[in-house]
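1. can't give you the sequence, but here's the structure:
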């Protein structure tokens, strides 16, 4: 039992040292890095059927050029409250939040940035929330990915003042 334990401990220590000090198989400088100017955006109270916009910046903070995957912002975990009378063809673009990345957001060189507009059009006087993720890949190696996400909230209200667009 003592020899077996000594052998296991010695093998484990050698494996840890090999992983810790051995040259990496993957050059981390080639991994994409992307950053958003905000992780949480609260658009506040917005009059029903009124559109407001919030601008964000996406920045390539890595050392390689990156390309947007799936055309930019993908909306996840959204709560969109559309009245049924708007019809079955109404999507989140017509009811709640939507994002519109600029054309320059498709490919970003190292250090470059671009603007993304988050639009909010509440159709009912209720709270709204969504989570957007922007997924990028290294232009030359699409298996290297970077993702950044933000949470957006807002509340539709009847009458009163809306928040001004930014």
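-> All right, it came through fine. This one's a predicted model, so the numbers in the text were calculated from it and none came from an experiment.
2. in what helix or strand does residue 119 lie?
-> strand 113-121 (DSSP states H and E).
3. Counting by contacts, list what that strand packs against.
-> Contacts defined by 3 or more C-beta pairs under 8 Å, 6 or more residues apart in numbering; DSSP states H and E place strand 113-121 against strand 40-47, strand 52-60, strand 96-101, strand 127-138, strand 141-157. C-beta: built from backbone N, CA, C; applies to glycine.
4. List the buried residues in the shortest one.
-> Using 16 or more other C-beta atoms under 10 Å as the test for burial, strand 96-101 gives 96-99, 101.
5. biggest separation within the residues you listed, which pair?
-> The span of the buried residues of strand 96-101, defined through C-beta to C-beta, is set by 96 and 101 at 17.7 Å.
6. Can you name the residues that contact the residue found closest to residue 33 once you drop the neighbours it is linked to in the chain?
-> Nearest in space to residue 33, with sequence neighbours left out and distances taken as C-beta to C-beta, 6 or more residues apart in numbering, is residue 62 at 3.4 Å. Listed by C-beta atoms under 8 Å, 6 or more residues apart in numbering, the contact set of residue 62 reads 31-34, 110, 146.
7. so what strands line up beside the strand holding residue 119?
-> Here strand 113-121 has these sheet partners by DSSP bridges: strand 52-60 (antiparallel), strand 96-101 (antiparallel).
8. Run the angle between it and strand 141-157 for me.
-> Going by axes from the mean of the first three to the mean of the last three C-alpha atoms, to 10 degrees, strand 113-121 is angled at 30 degrees with respect to strand 141-157.
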